[in-house]
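Novice: got a sequence here, can you model it:
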Amino acid sequence: MATDTVPPTPSGWAAPRRTAVVARHAAVLLLREPGTVIAYAVMSIVLMTVLRPVYERLGSPDGPAINQQAAGLAVMFTLLALDMAGQTLLSERTWRTWDRLRTSPAGPAAVLLGKALPLTAVFTLQQAVTFGFAAVAFDFDLAAGSWRLTVMVLAWALCVSCCGLALGAWVRTQGQLAAVSDIGALGVTCLSGCLVPLFVLPHWVSDVARFSPGYWASRGFQAAVTGDRGVFLEALGITLAVSLLALGIAALRAPRAVR
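Specialist: So this is what the prediction gives:
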């Protein structure tokens with residue numbers, strides 16, 4: 001598949017223009033196959049409804065149970081879309097267009113940022129559906145979340161996008177991408193308390209959870225609603241730091257030709 005070419009532009013506008021071209025191309029590809037995102041959004045709604053009595057019975061030490069349930073499912077089903085993010089880079093290599101993209105005027109930064117922007121928008125919309133349903137059906141307090149919840153949703157969407165791009169930059173086959181993304185998503189989900197609250201799991205899980213980005217995203221979502229400023233800022237900072245680290249890992253691979 002041919003990649004878009006970038007016409008000459010003034011130096012001050014070159015980088016944004018090249019990023020926009022890559023982003024537009026990536027957005028078109030994502031819009032052509034929206035099934036995965038729609039499926040995950042619907043699955044989060046179904047699982048939230050089915051597990052609602054369980055969460056109500058267990059309760060939560062940090063406020064209403066719906067806060068933890070909605071946050072956990074938003075994290076879980078965004079993580080399950082890791083392979084979709086990785087596919088945006090891996091497909092360039094599968095289609096033999098990666099070298100052309102690599103040698104185009106768009107440098108590695110423009111390519112990665114252009115790929116990340118539409119992914120972030122898609123994952124933001126996916127989370128919005130989850131939290132919106134929780135608000136309508138189970139009285140999740142969107143108003144209490146205010147701007148903090150929006151910022152955390154964007155930060156987590158960016159984090160998953162960057163992690164997916166890092167996977168797509170380094171794996172070599174569809175099978176490798178599927179295996180790493182699925183195992184990684186399931187591991188992070190289980191060890192973050194996203195599907196089952198941490199306080200009902202073995203104590204060692206709580207100790208390990210702090211090393212998981214999913215744990216901090218879930219904590220950030222809940223802190224956004226409860227107004228715990230310290231926890232929110234800590235979770236936001238760690239989520240953004242993981243995003244930058246993943247983007248750096250992807251950038252190490254991005255400038256190299258595929259052999």
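
Novice: give the contact list for the residue nearest to the spatial centre of the chain.
Specialist: With distances taken as CA atoms, centre = their mean, Val160 lies nearest the centre of the chain, 2.6 Å away. Residues near Val160 by CB atoms under 8 Å, 6 or more residues apart in numbering: Thr78, Leu79, Ala81, Leu82, Ala85, Leu119, Phe123. Quick note: C-beta positions are derived from backbone N, CA and C, even for glycine.

Novice: quick one: whichever strand or helix holds it to chain centroid distance?
Specialist: Under the criterion of DSSP states H and E, Val160 resides in helix 142-170. The chain centre lies 5 Å from the centre of helix 142-170; the measure is CA atoms, centre = their mean, to the nearest Å.

Novice: stretch 81-94 too?
Specialist: 13 Å.

Novice: next, the buried residues of that stretch.
Specialist: 81-93 (16 or more other CB atoms under 10 Å).

Novice: repeat for stretch 132-149
Specialist: Phe133, Ala134, Ala135, Phe138, Phe140, Asp141, Leu142, Gly145, Arg148, Leu149.

Novice: contact partners for the last one?
Specialist: Under the criterion of CB under 8 Å, 6+ apart, the contact list for Leu149 reads Phe131, Leu142, Phe221, Ala224, Val225.

Novice: got these as JSON lines, with secondary structure columns?
Specialist: Formatted as JSON lines, the contacts of Leu149 follow (DSSP: H, G, I helix; E, B strand; the rest coil):
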{"residue": "Phe131", "secondary structure": "helix"}
{"residue": "Leu142", "secondary structure": "helix"}
{"residue": "Phe221", "secondary structure": "helix"}
{"residue": "Ala224", "secondary structure": "helix"}
{"residue": "Val225", "secondary structure": "helix"}
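
Novice: between those, which is nearest Val180?
Specialist: Phe221 (25.2 Å; CB to CB).

Novice: what pLDDT does the closest one get?
Specialist: For Phe221, the model assigns a pLDDT of 96.

Novice: pLDDT added to the contacts of Val160, as JSON lines?
Specialist: JSON lines is the format used below for the contacts of Val160 (pLDDT from 0 to 100):
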{"residue": "Thr78", "pLDDT": "94"}
{"residue": "Leu79", "pLDDT": "93"}
{"residue": "Ala81", "pLDDT": "89"}
{"residue": "Leu82", "pLDDT": "89"}
{"residue": "Ala85", "pLDDT": "86"}
{"residue": "Leu119", "pLDDT": "93"}
{"residue": "Phe123", "pLDDT": "95"}
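
Novice: ok, those vs Thr189, which is closest?
Specialist: Nearest to Thr189 among those, with distances taken as CB to CB, is Leu79, at 5.9 Å.

Novice: tell me how many other residues surround the closest one.
Specialist: Counted by other CB atoms under 10 Å, the residues lying close to Leu79 total 28.

Novice: which residue, other than its chain neighbours, is closest to it?
Specialist: Using CB to CB, 6 or more residues apart in numbering and skipping the chain neighbours, the partner closest in space to Leu79 is Ala185 (4.0 Å).

Novice: Ala71 now?
Specialist: Closest to Ala71 by CB to CB, 6+ apart is Phe221, at 3.6 Å.

Novice: hang on, the one you found packs against Ala70?
Specialist: Yes - contact criterion CB atoms under 8 Å: Phe221 and Ala70 qualify, at 7.4 Å.
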